[in-house]
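Enquirer: Quick one: sequence and predicted model below, then my questions.
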Amino acid sequence: MASIQDMTTATSFASELPRRVHEIYEPFVRERSDQAAFVEGDRTWTYRAFSDAVDLVAQELTRLGIRPGDRIMIASENGVALSAFLFAASKLDAWPIAANPRLSARELDQIAAHSGARRTFFVAGLSQEAAAHAERHNASVRTIGPLAGVAVGPLNEAARPEPVHADGAAQVAALIYTSGTTGNPKGVMLSHKNLLFSARISGVLRGIGPADRIYGVLPMSHIVGFSIVLISTLMSGATVQLVPKYDPELLARAIAEEGVTVVYGVPATYQRLLAYKAQKGIAQLGRGRLRFLGVAGAPLDLDLKRRVEQEFGVQLSNGYGITECSPGIAAVSSDDPRDDESVGTVLPDVEARIRRLDGSPAAAGEVGELHVRGPNVMLGYYKAPDLTANVIDRDGWFNTGDLARFVGAHLFIVGRTKEMIIRSGFNVYPAEVEAVLREHPAVADAGVFARPHPEWGEAVTARVVLRRAATEGELRDWAGQRLAGFKVPKTIEVADALPRTTSGKLLRSELA
């Protein structure tokens with residue numbers, strides 16, 4: 001398995017990439033046509049069968065009025081149908097929008113309206129949610145190429161195609177909508193080069209090859225599922241085991257019995273897996289052929305990391321990315337394991353710097369805003385040049401909005417700039433307080449946010465989910481022994497659950 005250090009001595013990853021995303025599997029269609037590309041339930045799709053399906057879907061999309069530069073939305077759980085639509089869009093130079101069917105009607109319609117989607121497709125055969133959206137839109141269910149159960153929404157006659165660029169660095173390969181903090185959707189325009197660059201590095205870093213089977217449970221409507229699980233796997237000639245919805249029992253079985261070698265997840269993926277083990281009284285989860293466990297998307301609890309590594313004898317490798325960076329920014333290398341919260345070292349061809357909030361360079365080890373530059377950085381936000389200009393400067397530096405620090409070459413993410421709490425002039429980073437609270441044996445989950453305070457400006461407030469009974473005083477004492485006094489929550493509330501996105505990110509605005 002390659003290390004990040006080895007990779008930095010290689011030829012630039014941005015210089016040897018295909019022109020378009022759909023070209024990545026062509027070598028395997030020619031040379032390993034019977035290799036499994038996907039396992040979906042009881043059916044295996046070879047690279048040849050999947051390539052043929054993409055061609056047929058592309059032909060049908062053309063007959064349905066999809067033109068180069070059109071936006072098309074596909075509301076679907078993970079599946080071969082969604083994957084085929086995404087690559088078919090690439091063949092047509094259309095912009096695919098993979099949408100989670102678990103979004104509300106308002107959220108889904110908001111994305112369709114903002115993007116000016118030419119058509120919306122619903123893979124109704126995979127979920128009740130997609131079927132309900134299809135019915136609401138009077139979409140007709142039909143077979144598209146070899147794919148049954150696809151509902152086709154009406155043609156948007158008012159949609160206007162965007163310009164098409166031969167250069168893969170300028171042509172949009174995916175429009176991914178982020179929830180943001182304003183309640184309004186932000187469409188992240190990712191180019192073919194963005195996605196291919198990030199996917200290539202991920203595959204090389206993890207040593208992915210034809211012998212690997214990747215557990216595809218992270219939604220392809222989110223950047224990690226799309227770039228790292230789908231594109232990187234097919235770019236490496238490996239197999240994706242498609243999973244529409246997460247179930248810890250199915251994951252345990254897939255690892256122990258079905259040949260899964262690589263799992264990517266968020267912390268909640270592994271928390272629920274260990275909770276399933278405890279609930280069922282299982283002495284030891286089977287390891288099978290498992291060789292790599294990756295985690296990203298939310299702060300990693302060190303106790304969880306330790307327990308997962310003890311369970312499987314495999315390092316739980318932390319990483320860091322953001323939708324606007326396709327997503328890769330940093331990762332922990334297999335030859336440089338960490339027992340702390342570091343997200344590893346910055347990826348090859350990516351530059352990173354820390355800036356104070358006034359824009360001046362931060363001192364070594366100082367917390368500041370993380371700025372990055374490289375072929376991973378998005379083209380911009382769709383129909384929002386002002387928002388784009390606010391985060392990408394004239395020299396191409398993208399402000400992630402994340403607070404971070406470097407210890408040597410290793411990157412630590414502290415929190416979000418907009419989430420930072422200022423208590424009597426002191427900066428408090430919610431992620432740090434949450435990590436301390438989660439270390440308490442009674443705490444299963446924790447979220448920290450600010451409430452206005454007449455004397456302090458803002459008061460640190462926490463909400464926790466408990467494994468067993470614990471008093472507020474007990475938790476405050478625990479935090480007080482491990483944190484400066486101004487960081488200790490003034491109030492700690494108990495909840496049954498914390499609001500999180502489908503990818504596991506804490507919705508801090510909803511906490512407040």
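Expert: Good, I have the coordinates. Residues are numbered from 1 along each chain as shown.
Enquirer: Please count neighbours and contacts with C-alpha atoms only from this point.
Expert: OK.
Enquirer: Show me where the stretch 1-150 of the chain dips below the pLDDT cut-off.
Expert: 1-11 (pLDDT under 70).
Enquirer: Run through the helices of it in chain order.
Expert: Assigned helices in the stretch 1-150 of the chain, in chain order: 4-8, 26-31, 47-63, 80-92, 105-115, 128-136 (criterion: DSSP state H, counting those that start in this stretch).
Enquirer: The stretch 251-400 of the chain too?
Expert: 267-280, 302-312, 385-391.
Enquirer: Show me what the shortest one is packed up against.
Expert: Under the contact definition 3 or more C-alpha pairs under 8 Å, 6 or more residues apart in numbering; DSSP states H and E, helix 385-391 sits against strand 380-381, strand 398-407.
Enquirer: Of all these, which one comes closest to residue 474?
Expert: strand 398-407 (29.5 Å; C-alpha to C-alpha).
Enquirer: any idea how far that closest one is from the chain center?
Expert: With C-alpha atoms, centre = their mean, to the nearest Å as the basis, strand 398-407 stands 18 Å off its chain's centre.
Enquirer: helices and strands around it, which ones?
Expert: Going by 3+ C-alpha pairs under 8 Å, 6+ apart, strand 398-407 lies up against strand 368-373, helix 385-391, strand 410-416.
Enquirer: Pipe the helices and strands packed on helix 385-391 into TSV and attach mean pLDDT, distance to residue 51 and mean neighbour count per row.
Expert: TSV is the format used below for the helices and strands packed on helix 385-391 (pLDDT from 0 to 100; distance: least, C-alpha to C-alpha, whole Å; neighbours: other C-alpha atoms under 10 Å):
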stretch	mean pLDDT	distance to residue 51	mean neighbour count
strand 380-381	98	30	22
strand 398-407	95	36	21
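Enquirer: just so I know, which of those lies nearest residue 100?
Expert: Taking these one by one with C-alpha to C-alpha, strand 380-381 is closest: 19.5 Å.
Enquirer: Direction included, what does that closest one pair against?
Expert: strand 186-191 (antiparallel) (DSSP bridges).
Enquirer: tilt between the helix or strand following the partner strand and strand 186-191?
Expert: Downstream of strand 186-191, the next assigned helix or strand under DSSP states H and E is helix 192-205. Helix 192-205 and strand 186-191 are oriented at 80 degrees to each other (axes from the mean of the first three to the mean of the last three C-alpha atoms, to 10 degrees).
Enquirer: Show residues contacting helix 192-205.
Expert: Identification of contacts with helix 192-205 by C-alpha atoms under 8 Å, 6 or more residues apart in numbering yields 1-4, 7, 13-14, 17-21, 168-174, 209, 227-228, 231-233, 235-236, 325-328, 333, 347-348, 375-378.
Enquirer: cutoff 6 Å now
Expert: 2, 14, 20-21, 168-169, 173, 227-228, 232, 326, 328, 375-376 (C-alpha atoms under 6 Å, 6 or more residues apart in numbering).
Enquirer: Show me how to select, in PyMOL, the buried members of those residues.
Expert: Typed into PyMOL, the line below selects the buried ones among the contacts of helix 192-205, using 16 or more other C-alpha atoms under 10 Å:
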select buried, resi 14+20+21+168+169+173+227+228+232+326+328+375+376
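Enquirer: now for the contacts of helix 192-205, which pair is the farthest apart?
Expert: So, these by C-alpha to C-alpha: farthest apart are 2 and 173, at 27.5 Å.
Enquirer: gap between the residue positioned nearest the centre of the chain and residue 292?
Expert: Per C-alpha atoms, centre = their mean, the C-alpha nearest to the average position across the chain is that of residue 224, at 3.4 Å. For residue 224, the distance to residue 292 equals 16 Å [C-alpha to C-alpha, to the nearest Å].
Enquirer: what do you get for residue 404?
Expert: For residue 404, the distance to residue 292 - C-alpha to C-alpha - is 26 Å.
Enquirer: same thing with residue 348?
Expert: 21 Å.
Enquirer: and what of residue 368?
Expert: 32 Å.
Enquirer: Share the number of residues neighbouring residue 246, please.
Expert: 14 (other C-alpha atoms under 10 Å).
Enquirer: And residue 313, by the same measure?
Expert: Neighbours of residue 313 under the rule other C-alpha under 10 Å: 13.
Enquirer: Tell me which residues touch it, please.
Expert: Contacts of residue 313 (C-alpha under 6 Å, 6+ apart): none.
Enquirer: same thing with residue 354?
Expert: Contacts of residue 354 by C-alpha under 6 Å, 6+ apart are 362, 368-370.
Enquirer: again with residue 255
Expert: The contact partners of residue 255, by C-alpha under 6 Å, 6+ apart, come to 287-288.
Enquirer: What ranges does the stretch 401-512 of the chain have for its helices?
Expert: 430-438, 472-480, 508-511.
Enquirer: follow-up on the earlier one: ok, the residue nearest to the centre of the chain to residue 78 distance?
Expert: Taking C-alpha to C-alpha, one finds residue 224 at 12 Å from residue 78.
Enquirer: same deal with residue 425?
Expert: Residue 425 is 46 Å from residue 78, by C-alpha to C-alpha.
Enquirer: okay, those two: which has more neighbours?
Expert: residue 78 (27 against 11).
Enquirer: Show the contacting residues for that one.
Expert: Listed by C-alpha under 6 Å, 6+ apart, the contact partners of residue 78 are residue 244.
Enquirer: How about the one 10 residues further on?
Expert: Contacts of residue 88 were listed using C-alpha under 6 Å, 6+ apart, and they are 54, 58.
Enquirer: now do residue 370
Expert: Residue 370 makes contact with 353-354, 400, 402, 404, according to C-alpha under 6 Å, 6+ apart.
Enquirer: what's the pLDDT at the nearest residue to it once chain neighbours are set aside?
Expert: Closest residue in space to residue 370, ignoring its immediate chain neighbours: residue 354 at 4.8 Å, by C-alpha to C-alpha, 6 or more residues apart in numbering. We have a pLDDT of 98 for residue 354.
Enquirer: Please tell me how far residue 354 sits from residue 141.
Expert: 51 Å.
Enquirer: ok, so what distance separates residue 63 from residue 57?
Expert: 10 Å.
Enquirer: same question, residue 333
Expert: Taking C-alpha to C-alpha, one finds residue 333 at 38 Å from residue 57.
Enquirer: now residue 50
Expert: From residue 50 to residue 57 the distance is 10 Å (C-alpha to C-alpha).
Enquirer: Specify the beta-bridge partners of residue 321.
Expert: residue 328.
Enquirer: shouldn't it be in contact with residue 343?
Expert: No. The criterion here is C-alpha atoms under 6 Å, and residue 321 misses it with residue 343 at 9.4 Å.
Enquirer: Compare the two and say which is more crowded by neighbours.
Expert: residue 343 (25 against 19).
Enquirer: Check what pLDDT the more buried one gets.
Expert: So, for residue 343, pLDDT stands at 96.
Enquirer: who are the neighbours in contact with it?
Expert: 318-320, 331-332, 411-412.
Enquirer: what do you get if the cut-off is 8 Å, keeping everything else the same?
Expert: 318-320, 330-332, 410-413.
Enquirer: And residue 117, by the same measure?
Expert: 70-73, 156, 159.
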